[in-house]
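[1] got a predicted structure here, sequence first:
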Amino acid sequence: MLSPEVLSVLKQSVPVLEEKGEEITTTFYSILFERNPELKNLFNLANQRNGNQAKALAGAIFAYANLAEHPEQLMPMVNRIAHKHASLNILPEHYPLVGEALLLALSQELGLPLTHSLIQSWGEAYGSLAEVFINHEENIYQENANQKGGWRDFRRFTIDKIVPETDEIKSFYLVPADGSGLALFKAGQYVGVKLDIPGHPYQEIRQYSLSDRPGQAYYRITVKAEPGKPEGMVSNHLHNQLNVGDSLMISAPAGDFILPKEPQRDVVLVSAGVGITPMMSMLKDQLQKQSEISTTFIHCAQSKEKHSLQQDIKDLQASHEFGYFTAYMDDDSGDHQGFLDQAAMDKFLTNGSNNNADYYFCGPFPFMVALRELLLERGVKEEQLHYEVFGPTLSLAA
C-alpha cells in the first residue's frame, strides 16, 4: 500500500503527465532499448515506429496516477495487460530494467534529479505496481502450466493445414510438434506466435486470436496478410514463407476478452474484417451450450468476397439456430450495405435483445469506436460492452 505522501505526489504529477506523457514514454523506450537491446524481442517494433506503444504507455501511466489510491479500479487494466505480458513471456527480472528506464526518462524529460521527491515517489509507485503484475502473471503462468496439456513459456507447434479464407486471409491449423495433448482455452483468447525471420536481428512475437472453438485437437489462427506500408512482418511471413509441416513457437492461450461460462443476458457478437477471429470462437462455443440464451452474430466486411470463415457460418447454420446478419460496404449481397448504423441495428435486433444483451465486438479501431458510440446511443450500458483491441491501445473511450 502506497503512503499518503506518495499518493499525493502522484496526484500532483497528473498535469505534467497530461502535458508530457508521450515525450516521457518515447524517451523511456529509447533508454530501455539502448541499455537492453535484447528486450526488442518482446516488443512489436512497428508499434514503436508509429508511436502507438508510447501513446498506450502514456495512457496507462496517466491512469495509474489517477487511480493509485483506488487500486481495485485498476484491476481491469492490470488483468488485460498481464495477459498480454503472459503471451510474451514477460518475467520478473524484466521489471527492474523497465523501472530504471522509466525513472531516467522522468528525470530527463522533467529536468529533475533522480533524488527529487517526484522521481523517488514514482520509483516507489512503480515497485508496488510491478509486484502486482509479477504476482498476477505468475498466477496466469501457473494456471496455464498446471492444466492438462498445458505449458509454460513457448512450445513448438507444427502447421498441419493451411486454408485460404479470402484472397488476403488464411487459416493455419497448428498441432503440438511433440504429438502430446493440447490445453483447453477460453473462447476469445489468443496466443503469442514467435518467429525468427531471416535477415531480421530480433525475434518477433505477435498475438493472434484462436478462431475455432475450444476442445479441438488443434489450435487455429486466421491471419490477414498486410502488404501495405509498413508491411506486417509476421503476418506476411506466415502467408508467404511458411508451409504445411513447418514449425513455429506458440505461447499458452491468454486474454481476458472471453464469454462467461453461463451468460445471464442475450449475447450479441459483432465483428468487422479480421476481427471475426475471436468472435467465431465465441459463437461456436456459445452454440455448443445447452442454453436458452439468444445469440446474434453480425459481421461487417468490405464485400462478400472479403468475408472470411464463411464455411464455418454455413456449417453452424445447418445445426444451430441463431441470428446471423451481414453488412458489406461494396455490394448489396448482405443484409445491409454501408456502415453499421442505427437503421441496420434496428433491423438486426428484432428479438427485443437490444438493451437486454451483452455485446462483444472486435474489428478495426475506428469501427469499434463508432460501434461503442452507436450502442451507447441506443441505451446500452457501458458494463454491457465487451471488446478486444488489436494493438497496444486498451480503451475505446475518448
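    Arrived safely, thanks for sending. Numbers count the residues shown, from 1 in each chain.
[2] what segments of the stretch 251-398 of the chain are strands?
    266-272, 295-301, 323-328, 336-337, 357-362, 385-388 (DSSP state E, counting those that start in this stretch).
[3] so for residue 21, which of these sits nearest?
    When these are compared by Cβ to Cβ, strand 385-388 sits nearest residue 21, at 23.5 Å. C-beta here means a position set from N, CA and C on the backbone, and glycine is covered the same way.
[4] contacting residues around the closest one?
    Strand 385-388 is contacted from outside by 188, 209, 255, 257, 275, 278, 358-362, 368, 372, 375-376, 396, using Cβ atoms under 8 Å, 6 or more residues apart in numbering.
[5] and that strand, average pLDDT?
    Average pLDDT, strand 385-388: 90.
[6] stretch 33-44 now?
    Averaged across stretch 33-44, pLDDT comes to 84.
[7] same check, this time on stretch 120-132
    Stretch 120-132 shows a mean pLDDT of 90.
[8] tally of neighbours for residue 148?
    Residue 148: 8 surrounding residues under other Cβ atoms under 10 Å.
[9] any chance of the strands of the stretch 251-398 of the chain in CSV, with mean neighbour count too?
    Below are the strands of the stretch 251-398 of the chain laid out as CSV (neighbours: other Cβ atoms under 10 Å):
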stretch, mean neighbour count
strand 266-272, 25
strand 295-301, 24
strand 323-328, 19
strand 336-337, 16
strand 357-362, 24
strand 385-388, 20
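[10] the domain parsing of this protein - what is it?
    Following automatic domain parsing, the chain resolves into domains at 4-146, 154-251, 266-388.
[11] lowest mean pLDDT across those domains, which one is that?
    Of all these, mean pLDDT reaches its minimum on domain 4-146 (a mean of 86).
[12] sorry, back to before: nearest to residue 84, of the strands of the stretch 251-398 of the chain?
    Here strand 385-388 is closest among the strands of the stretch 251-398 of the chain (Cβ to Cβ), at 11.1 Å.
[13] show me where the stretch 51-200 of the chain has strands.
    154-164, 169-176, 190-195.
[14] my guess is residue 82 contacts residue 140, does it?
    Yes - with contact defined as Cβ atoms under 8 Å, residue 82 reaches residue 140; the gap is 6.3 Å.
[15] neighbour count winner among those two?
    Set residue 82 next to residue 140 and count neighbours by other Cβ under 10 Å: residue 82 wins out with 22 against 19.
[16] hang on, the earlier thing: can you redo the strands of the stretch 251-398 of the chain as a markdown table with distance to residue 72?
    Shown next, in a markdown table, are the strands of the stretch 251-398 of the chain (distance: least, Cβ to Cβ, whole Å):
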| stretch | distance to residue 72 |
| --- | --- |
| strand 266-272 | 27 |
| strand 295-301 | 32 |
| strand 323-328 | 36 |
| strand 336-337 | 41 |
| strand 357-362 | 22 |
| strand 385-388 | 19 |
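[17] for residue 196, which of these is the nearest?
    strand 385-388 (27.2 Å).
[18] partner strands of the closest one, parallel or antiparallel?
    Partner strands and pairing direction for strand 385-388 (DSSP bridges) are strand 357-362 (parallel).
[19] the inter-axis angle of the partner strand versus strand 266-272?
    Between the axes of strand 357-362 and strand 266-272, defined by axes from the mean of the first three to the mean of the last three Cα atoms, to 10 degrees, the angle is 20 degrees.
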